[in-house]
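Q: below are the sequence and a predicted model; questions follow.
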Amino acid sequence: MRQQIRCFLMFILIAFAAQEAVSQTTKWREIHKVKRKETIFGIAKDFNLTVEELLDANPEMKQPGYELKKGEYIFIPFSTRRQPSTIPAEKTNKETTATKTTQTRRIDLRDREIRVGVMLPLHNINGDGKRMVEYYRGVLMACDSLRKEGISIDIHAWNVPEDEDINRTLNDRNAAKCDLIIGPLYSIQVKALADFAAKHDIKVLIPFSINAPELYTNSNIFQVYQNSKDYNESVIRNFTERFAGYNTVIIDCNDSTSRKGEFTAPLRKRLESLGRTYNITNLKSSEGMFAKAFSTSKPNVVVLNTGRSPELNVAFAKINNLTANHPKLNVTMFGYTEWMMYTKYQLDNFYKYNTHIPGTFYMNPLSSQTERIQLKYRWNFHADMMQALPRFAITGFDHAYYFIKGMKMYGNSFTGAHGTVGYTPIQTPLHFERATGNGGFRNTSMLFVRYTPEHRIETIYY
């Protein structure tokens with residue numbers, strides 16, 4: 001009798017489970033078995049969901065310390081994302097297909113999804129691939145954030161390593177549908193992509209160190225990289241404006257490997273053209289000769305002709321000794337982007353001497369924005385970002401967020417000009433100016449990171 005009761009109860013439980021499964025099929029798209037190396041972010045992308053939709057369907061994922069495991073079953077909900085709007089017919093059927101595609105993109109870009117293509121080395125074979133995978137993850141995170149703002153995005157990614165003929169990638173029918181293509185990483189691939197973009201009226205964001213000649217002839221190109229000449233001219237212009245009325249002290253650090261003469265030589269010429277005083281001294285100079293380079297009546301701004309850490313240590317030691325003997329001296333240090341790597345060891349000196357460090361990026365490790373994106377990256381990809389400057393994932397986030405939001409706001413007329421998007425970057429500011437009359441757009445953004453004597457860190461954008 002007991003055995004019959006057990007069987008009956010088991011039958012009831014099985015029937016209830018079956019009924020529950022049937023009811024779940026009306027609520028969930030499907031139940032997914034987690035495979036090896038799958039991530040929350042990857043599963044959401046595969047099923048065209050936002051991460052939040054997937055988490056809401058599986059509340060246990062929101063618990064602290066939760067880890068997605070192989071073999072686990074999770075619910076896949078139906079997406080609530082807005083589907084792309086129907087593309088209206090053109091006024092006449094006599095127009096060519098190519099013309100229709102271009103006009104549709106121009107007319108409807110602000111009313112439909114933004115189609116983004118990523119053409120970078122997305123692999124795990126070498127450093128280039130690993131860095132670009134992290135960058136691409138940042139792009140995906142930006143897309144997820146923009147979807148919360150109601151911006152629909154369709155994204156395609158292609159692995160385009162250095163030895164790949166990018167024309168094979170461009171033959172994919174999805175490539176011609178893009179509104180924005182991010183890439184390539186290698187100069188040899190630029191011309192083919194630029195020609196393709198001009199033909200199909202696609203904006204191309206070249207994200208890293210390529211100085212593309214196509215920039216001067218192709219209005220579809222947006223180049224993030226600034227060559228050293230343009231960058232130094234920008235730093236010098238902002239230096240002379242910020243430190244008007246200062247005595248400039250240039251310290252020769254006896255570093256035969258340094259190329260900072262590319263900055264200090266034109267800086268001296270600019271100061272001379274403005275009729276401003278500057279003095280040159282040497283790290284090996286005696287205390288008396290070293291002190292003579294500094295003004296007691298004006299504030300001093302100190303520039304080294306090297307970015308290396310050993311020489312910086314010696315310079316700070318000499319300046320500390322100088323200011324101890326002459327307490328009324330007003331000294332500001334002006335450095336190089338490399339100095340950001342020395343913050344852990346030089347922070348007190350940076351604060352003490354009102355240090356200004358120029359650059360094209362800055363990530364404040366103590367900001368709430370930085371903390372949130374690092375936690376989100378760890379949550380989505382079960383890994384930490386590479387210990388690199390700049391952080392590649394945050395660069396990808398800033399680039400994608402700025403461009404996609406800008407294109408959604410202005411359609412095909414978006415030029416990336418300063419102040420048009422209203423986005424405060426986490427790390428990597430962007431604003432573009434046209435390189436030539438009929439050419440593309442060149443990034444001209446830069447910043448000074450200032451360590452104040454009040455122990456604050458300020459970012460001064462230009």
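A: Right, received. Where do you want to start?

Q: now the strands for the stretch 351-462 of the chain?
A: 356-359, 432-434, 441-443, 447-451, 457-461 (DSSP state E, counting those that start in this stretch).

Q: looking at the ones you listed, which is closest to residue 200?
A: Across these, the minimum distance to residue 200, taken as CB to CB, is reached by strand 441-443, at 18.0 Å. For the C-beta atoms, the positions are set from N, CA and C on the backbone; glycine is no exception.

Q: let me see the ranges of the strands in the stretch 151-300 of the chain.
A: Remark: strands assigned in the stretch 151-300 of the chain by DSSP E, counting those that start in this stretch are 153-159, 180-182, 203-206, 221-223, 247-252, 278-282, 300-304.

Q: got those strands as JSON lines, with mean neighbour count and mean pLDDT columns?
A: As requested, these are exported to JSON lines (neighbours: other CB atoms under 10 Å; pLDDT from 0 to 100):
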{"stretch": "strand 153-159", "mean neighbour count": "18", "mean pLDDT": "95"}
{"stretch": "strand 180-182", "mean neighbour count": "25", "mean pLDDT": "98"}
{"stretch": "strand 203-206", "mean neighbour count": "25", "mean pLDDT": "98"}
{"stretch": "strand 221-223", "mean neighbour count": "25", "mean pLDDT": "97"}
{"stretch": "strand 247-252", "mean neighbour count": "21", "mean pLDDT": "98"}
{"stretch": "strand 278-282", "mean neighbour count": "16", "mean pLDDT": "97"}
{"stretch": "strand 300-304", "mean neighbour count": "23", "mean pLDDT": "98"}
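
Q: show me where this protein has helices.
A: Counting by DSSP state H, the chain has these helices, from start to end: 2-27, 40-46, 51-57, 97-108, 127-148, 166-170, 190-200, 228-242, 261-273, 287-292, 309-325, 343-352, 368-381, 392-410.

Q: how about low-confidence regions in the stretch 101-250 of the chain?
A: When the per-residue scores of the stretch 101-250 of the chain are filtered using pLDDT under 70, the ranges that remain are 101-110.

Q: 50 instead?
A: 101-107 (pLDDT under 50).

Q: hmm, back to that, export the strands of the stretch 351-462 of the chain to a markdown table and tack on mean neighbour count?
A: Compiled in a markdown table, those are given as follows (neighbours: other CB atoms under 10 Å):
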| stretch | mean neighbour count |
| --- | --- |
| strand 356-359 | 22 |
| strand 432-434 | 17 |
| strand 441-443 | 23 |
| strand 447-451 | 21 |
| strand 457-461 | 14 |
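
Q: contacts only, for residue 384.
A: Each residue near residue 384 by CB atoms under 8 Å, 6 or more residues apart in numbering is listed here: 374, 377-378.

Q: what sits against the residue nearest to residue 358 when sequence neighbours are not counted?
A: With CB to CB, 6 or more residues apart in numbering as the measure, residue 235 is the residue that lies nearest to residue 358, at 4.7 Å, once sequence neighbours are left out. Shown here is residue 235, whose contacts under the criterion CB under 8 Å, 6+ apart are 263, 358, 446.

Q: any idea how far the last one lies from residue 460?
A: So the one you mean is residue 446. In this view, residue 446 and residue 460 are 10 Å apart by CB to CB, to the nearest Å.

Q: give me the common contacts of these two.
A: Residues touching both residue 446 and residue 460 do not exist when contact is defined as CB under 8 Å, 6+ apart.

Q: mind checking pLDDT for the closest residue to residue 363 other than its chain neighbours?
A: Counting by CB to CB, 6+ apart, the nearest residue to residue 363 once its immediate chain neighbours are dropped is residue 427, at 4.2 Å. In this prediction, residue 427 carries a pLDDT score of 96.

Q: circling back to that earlier point, generate JSON lines for the strands of the stretch 351-462 of the chain, with distance to residue 389 as supplementary columns.
A: Shown next, in JSON lines, are those (distance: least, CB to CB, whole Å):
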{"stretch": "strand 356-359", "distance to residue 389": "9"}
{"stretch": "strand 432-434", "distance to residue 389": "23"}
{"stretch": "strand 441-443", "distance to residue 389": "18"}
{"stretch": "strand 447-451", "distance to residue 389": "12"}
{"stretch": "strand 457-461", "distance to residue 389": "15"}
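
Q: now the ones you listed as CSV including distance to residue 165 and mean pLDDT?
A: Converted to CSV, these look like this (distance: least, CB to CB, whole Å; pLDDT from 0 to 100):
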stretch, distance to residue 165, mean pLDDT
strand 356-359, 35, 98
strand 432-434, 29, 96
strand 441-443, 27, 96
strand 447-451, 38, 97
strand 457-461, 40, 94
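
Q: ok, which of the ones you listed comes nearest residue 259?
A: Among the strands of the stretch 351-462 of the chain, the nearest to residue 259 by CB to CB is strand 356-359 (15.5 Å).

Q: from the middle of its chain, how far away would that closest one be?
A: When distances are taken as CA atoms, centre = their mean, to the nearest Å, strand 356-359 is centred 18 Å away from the chain's centroid.

Q: on that earlier part again, which among the contacts of residue 384 end up buried?
A: Among these, those scoring as buried are 374, 377 (criterion: 16 or more other CB atoms under 10 Å).

Q: which member of the contacts of residue 384 is positioned nearest residue 402?
A: Residue 402 lies nearest to residue 377 out of those, by CB to CB, at 18.4 Å.

Q: residue 135 contacts residue 397, doesn't it?
A: No - shown here, residue 135 and residue 397 do not form a contact pair, counting by CB atoms under 8 Å, at 9.1 Å.

Q: neighbour count winner among the two?
A: Ranked by neighbour count (other CB atoms under 10 Å), residue 135 and residue 397 place residue 397 first, with 28 against 25.

Q: wait, that one sits on residue 139?
A: Yes - counting by CB under 8 Å, residue 397 sits close enough to residue 139 to count as a contact (7.1 Å).

Q: thinking again about what came up before, and the residue nearest to residue 363, what is it in contact with?
A: Contact partners of residue 427, counting by CB under 8 Å, 6+ apart, are 361-363, 370, 390-391, 394-395, 398.

Q: ok, so of those, who is nearest residue 169?
A: For the contacts of residue 427, the minimum distance to residue 169 (CB to CB) is 22.1 Å, reached by residue 395.

Q: walk me through the domains of the chain.
A: Domain assignment of the chain by automatic domain parsing yields the ranges 2-77, 99-226+367-449, 229-359.

Q: skipping its backbone neighbours, what lies nearest the spatially most central residue of the chain in space?
A: Centroid check for the chain by CA atoms, centre = their mean gives residue 395 as the closest residue, at 1.4 Å. Here the nearest residue to residue 395 in space, its sequence neighbours aside, is residue 428; by CB to CB, 6+ apart that works out to 4.9 Å.
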